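# build the 3D model from these lines:
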Amino acid sequence: MESRPLRYFVAVAEELNFARAADRLGISPPPLSRAVRQLETELGAVLFERTTHSVTLTTAGQVLLEEARFALEALEAAERRTRRAAADEPKLVLAVKADGDAGLLEPILARYAADPAAAPVSVRLCAWHEQTRLLRRGEADVALVYEPYDRGGLDAEHLAAEPRVAALAVAHPLAARVALTLADLGLRPDEAHGYMEEVRGRGNDLAQLLTLVGLGKVVPLLPASVADRYPRPGVVYRPVLDAPPAVLVVAWPQQSRSTATAALVRAATAVAEDVRERRAG
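Residues are numbered from 1 along each chain as shown. This next block holds a predicted model:
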């Protein structure tokens, strides 16, 4: 199966209109319709239910849409990784959120630089959970990311598990407490992850989020390392004893065969193990 008919199919499946899909693709509707019909014949499956007024996906079409998106994304990622590997000075791209490394980024890079398989590293700072999208698109080779994250097409190694703290405005009624529970925040354990995602979405980055905290607008649950690394006037951090831990992993595409990527993963796991041993000792 070639990629072009899949791209045509995805355009129609997303637009649910042949004329709009053709305009999006820069072609006329008749060849688009013929390509989709040919794809249906090749697969032996009806992908769309067509009437004079509407186009809808069949069950088979819904399955193909999910698979086609994944396949096209994988092709684009392979092209990007190949172009980077063929560059005069190939680099390994490490995706990480500016405050999302548990303090491990610098020692990981130092350990990695000593590995014979190391390549020059380009650190790409990104937004909340953007790391996995960059990995799948081939725009990054490896990433540091907190769970939960979209694991599709990725492998990962556990690095660290930190307790959570609540960031509170100094005037917040709970700021006088030494420690908190989820119930103090009006949360059940099964609501914690959803709450964290919702609150994080209020700011583009940690600086914005902590500004909202100081204004009394939000109470995010953050990895405990944030409290040490980002002290801020008007904000206090209190441990939340029963909150799920912040689990940091190093992730990379399952299909990666890069020795440079493998070397960075080794460096990351070795640094994390050193940190655990120091804390245990």
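# what is the rounded mean pLDDT of stretch 205-214?
Average pLDDT, stretch 205-214: 90.
# any idea where the helices of the stretch 1-150 of the chain begin and end?
For the stretch 1-150 of the chain, the helices defined by DSSP state H, counting those that start in this stretch cover 3-15, 18-25, 29-43, 59-85, 105-113, 130-136.
# sorry, wrong one. I was asking about the stretch 151-281 of the chain.
192-200, 206-214, 224-229, 259-280.
# from residue 35, how far off is the nearest residue to residue 115 once chain neighbours are set aside?
Spatial nearest neighbour of residue 115, chain neighbours left out: residue 263 (4.2 Å); criterion: Cβ to Cβ, 6 or more residues apart in numbering. In short, each C-beta sits where N, CA and C put it, glycine included. Relative to residue 35, residue 263 is positioned 44 Å away (Cβ to Cβ, to the nearest Å).
# per-residue pLDDT of residue 84, please?
Looking at residue 84, its pLDDT stands at 71.
# can you count the residues close to it?
When neighbours are defined as other Cβ atoms under 10 Å, residue 84 has 17 of them.
# I'd say it and residue 93 touch.
Yes: using Cβ atoms under 8 Å, residue 84 makes contact with residue 93 at a distance of 7.3 Å.
# that older thread, how close does the residue nearest to residue 115 sit to residue 83?
21 Å.
# between those two, which one's more packed in?
Legend: neighbour count by other Cβ under 10 Å for residue 263 and residue 83, higher for residue 263 (21 against 11).
# so the more buried one makes contact with residue 114?
No: using Cβ under 8 Å, residue 263 makes no contact with residue 114, being 9.6 Å away.
# low-confidence ranges in the stretch 51-200 of the chain?
For the stretch 51-200 of the chain, the stretches with pLDDT under 70 are 87-88, 90.
# check contacts around residue 48.
By Cβ atoms under 8 Å, 6 or more residues apart in numbering, the residues touching residue 48 are 12, 13, 36, 55, 56, 57, 58, 61.
# oh sorry, the question was meant for residue 91
Applying Cβ under 8 Å, 6+ apart, we find residue 91 in contact with 84, 119, 120, 121, 122.
# the residues you listed in strands, which ones?
121, 122 (DSSP state E).
# tell me the two of the contacts of residue 91 that are most distant?
Across these, the longest distance by Cβ to Cβ is 12.4 Å; it joins 84 and 121.
# what residues are shared contacts of those two?
Counting by Cβ under 8 Å, 6+ apart, the common neighbours of residue 84 and residue 121 are 91, 93.
# ok, back up a step: nearest to residue 144, of the helices of the stretch 151-281 of the chain?
For the helices of the stretch 151-281 of the chain, distance to residue 144 was read as Cβ to Cβ. The smallest value, 7.4 Å, belongs to helix 259-280.
# show the buried residues in the contacts of residue 48.
Neighbour-count burial (16 or more other Cβ atoms under 10 Å) is assigned, among these, to 12, 13, 36, 55, 57, 61.
# in JSON lines: those, plus distance to residue 157.
Output for the buried ones among the contacts of residue 48, formatted as JSON lines (distance: Cβ to Cβ, whole Å):
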{"residue": "12", "distance to residue 157": "40"}
{"residue": "13", "distance to residue 157": "36"}
{"residue": "36", "distance to residue 157": "42"}
{"residue": "55", "distance to residue 157": "44"}
{"residue": "57", "distance to residue 157": "38"}
{"residue": "61", "distance to residue 157": "37"}
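# between those residues, which is closest to residue 23?
Nearest to residue 23 among those, with distances taken as Cβ to Cβ, is residue 12, at 11.6 Å.
# any idea how far residue 93 is from residue 141?
From residue 93 across to residue 141, the span is 5 Å (Cβ to Cβ).
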